[in-house]
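> coords please:
(2 chains)
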Amino acid sequence: MVIGAGGVAVGAEQQVRAGAGRVTRREVTRGLLASVAALALAPVVAASRPVPSADGPEGASFDETYRGRRIQGSLLTPLTGRAAPGGEGEGEWQVTVDGRPLHLMRRADGTWLSMVDHYSSYPTPLAATRAAVDEMGPGQRLRDLAPGPVGGSPAEHMHMEGEHGVRA
Amino acid sequence: MAYVRKDVSTLTRTERRRFVNALLELKRRGEYDEFVRLHIDYYTSDGEAGLRTAHMAPSFLPWHRRFVLDLERALRRVDSSVTMPYWNWTRDRTTTSVPWTNDLLGGNGRRSDRQVMTGPFAYSAGHWTIKEGITDGRFLTRDLGRPASPLELPTRSQLQWALDDPVYDVRPWDSTVPRGFRNKLEGWGSGSGSASLRNHNRVHRWVGGVMLGGASVNDPVFWLHHTFLDLQWYRWQRAHSSHRYLPAEPPGLGDPQHERIVARHQKLPPWDVTPDGLEDMSRIYRYA
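Take a look at the predicted model:
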């Protein structure tokens, strides 16, 4: 990733982005959806055995009903070598609310925020998920796909001068 | 000649109507939703890999300065008399003061589902359907002051606390820094709970509903809020005229923030502009 890669024509940049395996949030979400299908296979099993608390550092999953909504989360592969200074044992969490993916983000201090509550952070994925449920109005469901870049970037339509696709 | 951005409470009836109508026209054309999506797409958190431009980074202020300016330009293409008003939340602090009036942004959400029922942006008025949302709700939501667990808008003294810091930003240039004007204004504190929410973040929390989520741009108060923050950057520059945007130079190869933040003379995606180029807006607009 190069910041401000000057001299790359916008057209060329689009081609690079199309072919360069740039993982967008949408693509990540597609992966999540596939995993959600797998999750759905075992809800009864999951509900009938104790799930380690995600409040503790060792927590690797949760599955509970919170305010009438089924919330499930599990730690995917613990990642190593990530740039974040956030701390130990960090990894990618896959979280759903009533079966729909909730995108979580990690803060540098190790806390978590969700797409629903983007301006506060919480100590654990479970706490961030519960907070998201608190903010979702009755009857509202997460959209099937979390928003993210898909197709052309909005910048193309907004006639911005040169988008240098540096988002990773 | 530079145009003037005004306190929304001082707008005349005609100015209010023209501002609202220009917003509705951008929404009708589909342009507004492109702004919503852009803001979602550029939210990269500092615990994750990748370049941060819009949040948890020094370029929080120039990124949003340019973002507001782009919307303002779009509004002015619709109606050249319109400029972006700001909401002074240190003064207009109640759930019924401006901008929560029927001639501006409408009022609070109703209790049952937080749906905004009044004003030009109410779903029932037919001009403001949410398309780029985190949930499938099609209507604008608000939860002003969060009655279930009340909190206050940031005070004048909390804003002053940010303005009094002469240093623009400090390493590691993220949401964990306890010093520097940028994060004191952006408002990432330590710990959980509302005590950790300051200035910018606290206002997003106070408004609640869609303003709290990744698609916060869906509530037009987003722009009035960020225009007020933009004014604070201008005030900070005037108060500390020997200080500038930091970092001046990109973090080096061994620095954990290498290629994760934008230094003063680096391009600020998605635009072909640098923080340096956004420090002085005096030829474009000024504040009343």
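> now for A:Glu92, how many residues are close by?
Neighbourhood size, A:Glu92 [other C-beta atoms under 10 Å in any protein chain shown]: 17. To be clear about C-beta, it is placed using only N, CA and C from the backbone, and glycine gets the same treatment.
> would you agree it falls within a helix?
No: assignment of A:Glu92 by DSSP: H, G, I helix; E, B strand; the rest coil gives strand, placing it outside any helix.
> nearest spatial neighbour of it, chain-adjacent residues omitted?
Spatially, and ignoring its direct neighbours in sequence, A:Glu92 is nearest to A:Leu76 (4.4 Å; C-beta to C-beta, 6 or more residues apart in numbering or on different chains).
> which residues sit in contact with that neighbour?
Counting by C-beta atoms under 8 Å, 6 or more residues apart in numbering or on different chains, A:Leu76 touches A:Ser35, A:Gly91, A:Glu92, A:Trp93, A:Gln94.
> A helix includes it, no?
No: read with three-state DSSP, A:Leu76 is strand and lies in no helix.
> most distant residue from the centre of chain B?
In chain B, the residue that sits farthest from the middle, by C-alpha atoms, centre = their mean, is B:Gly254; the gap is 32.6 Å.
> do you know how far it is from chain A?
13 Å (C-beta to the nearest C-beta, to the nearest Å).
> helix or strand: which one has that residue?
Assigned by DSSP states H and E, B:Gly254 belongs to no helix or strand.
> which phi and psi does it have?
Torsion angles at B:Gly254 (phi, psi; degrees, to the nearest 10) stand at phi -80, psi 0.
> so which bits of the stretch 1-150 of chain B are right by chain A?
B:31, B:34-35, B:37-38, B:40-51, B:56, B:70, B:112-115, B:132-137, B:141, B:143 (C-beta under 8 Å from any C-beta of the partner chain).
> which ones among the residues you listed map onto helices?
Among those, the members falling in helices (DSSP state H) are B:Glu31, B:Glu34, B:Phe35, B:Arg37, B:Leu38, B:Ile40, B:Asp41, B:Asp70.
> could you dump those into a markdown table with neighbour count and pLDDT added?
What follows is these, written out as a markdown table (neighbours: other C-beta atoms under 10 Å in any protein chain shown; pLDDT from 0 to 100):
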| residue | neighbour count | pLDDT |
| --- | --- | --- |
| B:Glu31 | 19 | 98 |
| B:Glu34 | 21 | 97 |
| B:Phe35 | 22 | 98 |
| B:Arg37 | 22 | 96 |
| B:Leu38 | 22 | 96 |
| B:Ile40 | 26 | 94 |
| B:Asp41 | 22 | 93 |
| B:Asp70 | 20 | 98 |
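> please enumerate the strands of chain B.
Under the criterion DSSP state E, chain B contains strands at B:3-5, B:285-287.
> got a markdown table for these, with mean pLDDT too?
Formatted as a markdown table, the strands of chain B follow (pLDDT from 0 to 100):
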| stretch | mean pLDDT |
| --- | --- |
| strand B:3-5 | 98 |
| strand B:285-287 | 98 |
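> redo the ones you listed as TSV? Include mean neighbour count.
Converted to TSV, those look like this (neighbours: other C-beta atoms under 10 Å in any protein chain shown):
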stretch	mean neighbour count
strand B:3-5	16
strand B:285-287	16
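> residue 126: how many residues sit nearby?
Here I'm looking at chain A. As a burial measure, A:Leu126 scores 23 neighbours (other C-beta under 10 Å).
> nope, chain B please
Other residues close to B:Gly126 by other C-beta under 10 Å number 9.
> check it and give its pLDDT.
Per-residue confidence (pLDDT) for B:Gly126: 98.
> the one 10 residues further on too?
pLDDT recorded at B:Asp136 is 94.
> right, and it touches A:Leu142 too?
Yes: using C-beta atoms under 8 Å, B:Asp136 is in contact with A:Leu142, at 7.4 Å.
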